[in-house]
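K.L.:
Fold the following, please.
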Amino acid sequence: MQEKFLYLINVLTNYAYRVFKGNPLNVNPAEVNKIVCVKLDEIGDMVTALHVFQLLKLRFPNAEIAVVCKPFVGSLLSNNPNIDLITSEVQIGLKADVWVELRGTWLSWWRSLMSGCRYRVDRGIIRFKQRGNQPHETITNFRIIEPLLGGNLTMESSNNQLFLNESEMVEVDGIIQKLGMNDHQNVCFIHPGGRSILRRWPAERFNQIIQYLNNQGFLCVVFGSSEERDLLSEFKSNNDLMVIWETAESLKVFYGVLKNAQLFIGNESGPLQLADLAGVPSVGLFGPGVKNVFYPKGKKSRVIHKILDCNPCDQKHCIHFEKRCMLEIDIEEVIEAVKELAN
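P.N.:
Residues are numbered from 1 along each chain as shown. Sure, this is the predicted structure:
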């Protein structure tokens, strides 16, 4: 409810800006020296917004583009030639010509008013227009900045990617060797975690999928963060066909390793979005999430989404916990999706 109220305030603020300051449809690129983009979100959400920064740089090549984001997520953006400054909300300066709220807070809303910006666009008005029919998150992010683009730039004008430096590439090569990936023709990354337990497919079912993949000659890399250590303990290494990887590397290094996989299977999560960005054929397992919004977009990807009558939920309180949506996903469905991708 609080988020919806923030959206409403942003809608009213944007209306006031268009009346009393400047309509973003009429923005002159030559008059824009600084753009502030607020994206206080998680890993997967940031991946779906990468095209925004490239499109803004194409439209405003001489402007400084600053991105306000969570420190951990900001590691995805280092070395990005379309971004001049990556910072937290606390550190960001107040002055800007254009303010873009991809995902903000009450504090960022207030700072936008104090920034002196003439043009302002935000998520609130787009969510209001799309209510009841949310498209993929990449489309929502594009629609937020679309009024600034002058009608000549489309989503197809951009190509999403992360930018690894030389030291990161060396680290990637070392991890590939450590995991034994060079010794196998086919490697599948398995991510059993998820921000909410309601997003997670049971570990015992993942184990059965791993057994199937082992029989097909796949090396399975089961990974998770240190916070998912207990979950990883439910998987046991199986000779040289299964590796447990507790990741501690930067998100870009993880992405660089992931690019060398032939298959990815995981719950709705940031790693699924990174696999999709890397072009790895993926099987995404969905339950509580809204249909279509965070599906992998790759042509060689499959989605299994069990939508119950309680969808979408807050992903904290489940009224069908013993028969929750993720338990509706059968092992055979996942195997069939893997077979489809193999063909």
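
K.L.:
Only C-alpha atoms from now on, for both contacts and neighbour counts.
P.N.:
Will do.

K.L.:
residue ranges of the strands in this protein, please?
P.N.:
According to DSSP state E, the chain carries its strands in the segments 34-39, 64-69, 85-87, 98-103, 119-122, 187-191, 219-224, 242-246, 263-267, 282-286, 301-305.

K.L.:
Residues touching stretch 287-299, excluding its own?
P.N.:
By Cα atoms under 8 Å, 6 or more residues apart in numbering, the residues outside stretch 287-299 that reach it are 134-137, 198-199, 268, 272-273, 276, 279-282, 284, 302-303, 305-307, 311-315, 325-326.

K.L.:
ok, and for it, which residues are buried?
P.N.:
When burial is assessed from 16 or more other Cα atoms under 10 Å, stretch 287-299 yields the following buried residues: Gly287, Pro288, Gly289, Val290, Lys291, Phe294, Tyr295, Pro296, Lys297.

K.L.:
Was I right to think Tyr7 contacts Arg123?
P.N.:
Yes: when contacts are counted by Cα atoms under 8 Å, Tyr7 is listed as touching Arg123 (7.2 Å).

K.L.:
Dump the strands of the chain to TSV, plus mean pLDDT, mean neighbour count and distance to Phe321.
P.N.:
Shown next, in TSV, are the strands of the chain (pLDDT from 0 to 100; neighbours: other Cα atoms under 10 Å; distance: least, Cα to Cα, whole Å):
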stretch	mean pLDDT	mean neighbour count	distance to Phe321
strand 34-39	96	24	32
strand 64-69	96	22	34
strand 85-87	92	17	39
strand 98-103	96	23	30
strand 119-122	96	26	36
strand 187-191	97	25	21
strand 219-224	95	24	24
strand 242-246	92	19	28
strand 263-267	97	25	17
strand 282-286	97	26	15
strand 301-305	95	20	17
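
K.L.:
can you put those strands in a markdown table and add distance to Ser158?
P.N.:
Shown next, in a markdown table, are these (distance: least, Cα to Cα, whole Å):
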| stretch | distance to Ser158 |
| --- | --- |
| strand 34-39 | 17 |
| strand 64-69 | 16 |
| strand 85-87 | 20 |
| strand 98-103 | 17 |
| strand 119-122 | 20 |
| strand 187-191 | 27 |
| strand 219-224 | 31 |
| strand 242-246 | 33 |
| strand 263-267 | 25 |
| strand 282-286 | 22 |
| strand 301-305 | 21 |
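
K.L.:
Can you pull the poorly scored residue ranges out of the stretch 101-250 of the chain?
P.N.:
238-239 (pLDDT under 70).

K.L.:
Spit out the contact partners of Leu25.
P.N.:
Pro147, Leu148, Leu149, Gly150.

K.L.:
pretty sure the first one is in contact with Pro24, am I right?
P.N.:
What it means is Pro147. Yes: the pair Pro147 and Pro24 passes the contact test of Cα under 8 Å, sitting 5.6 Å apart.

K.L.:
Have a look at those two and say which one is more surrounded.
P.N.:
Pro24 (21 against 16; other Cα atoms under 10 Å).

K.L.:
residues contacting that one?
P.N.:
By Cα under 8 Å, 6+ apart, the contact list for Pro24 reads Arg18, Tyr119, Arg120, Val121, Pro147, Leu148.

K.L.:
From Val98, how far out is it?
P.N.:
Note on Pro24: its distance to Val98, by Cα to Cα, to the nearest Å, is 9 Å.

K.L.:
What sits closest to the residue most central in space within the chain if chain neighbours are left out?
P.N.:
When Cα atoms, centre = their mean is applied to the chain, the residue found nearest the centroid is Gly44 (1.6 Å). Of all residues not flanking Gly44 in the chain, Gly270 sits nearest, at 4.0 Å (Cα to Cα, 6 or more residues apart in numbering).

K.L.:
contacting residues for that neighbour?
P.N.:
So, once contact is read as Cα under 8 Å, 6+ apart, Gly270 ends up touching Glu42, Ile43, Gly44, Asp45.

K.L.:
Test my guess that the second one contacts Val73.
P.N.:
In this case it means Ile43. Yes: at 5.6 Å, Ile43 counts as touching Val73 under the criterion of Cα under 8 Å.

K.L.:
mind checking how far the residue nearest to Gly44 is from Cys69?
P.N.:
Taking Cα to Cα as the measure, Gly270 falls 15 Å from Cys69.

K.L.:
Tell me which two in the buried residues of stretch 287-299 are the farthest apart.
P.N.:
Farthest apart among the buried residues of stretch 287-299 by Cα to Cα are Pro288 and Lys297. That separation is 18.9 Å.

K.L.:
Val221 and Cys188 touch, don't they?
P.N.:
Yes: with contact defined as Cα under 8 Å, Val221 reaches Cys188; the gap is 6.2 Å.
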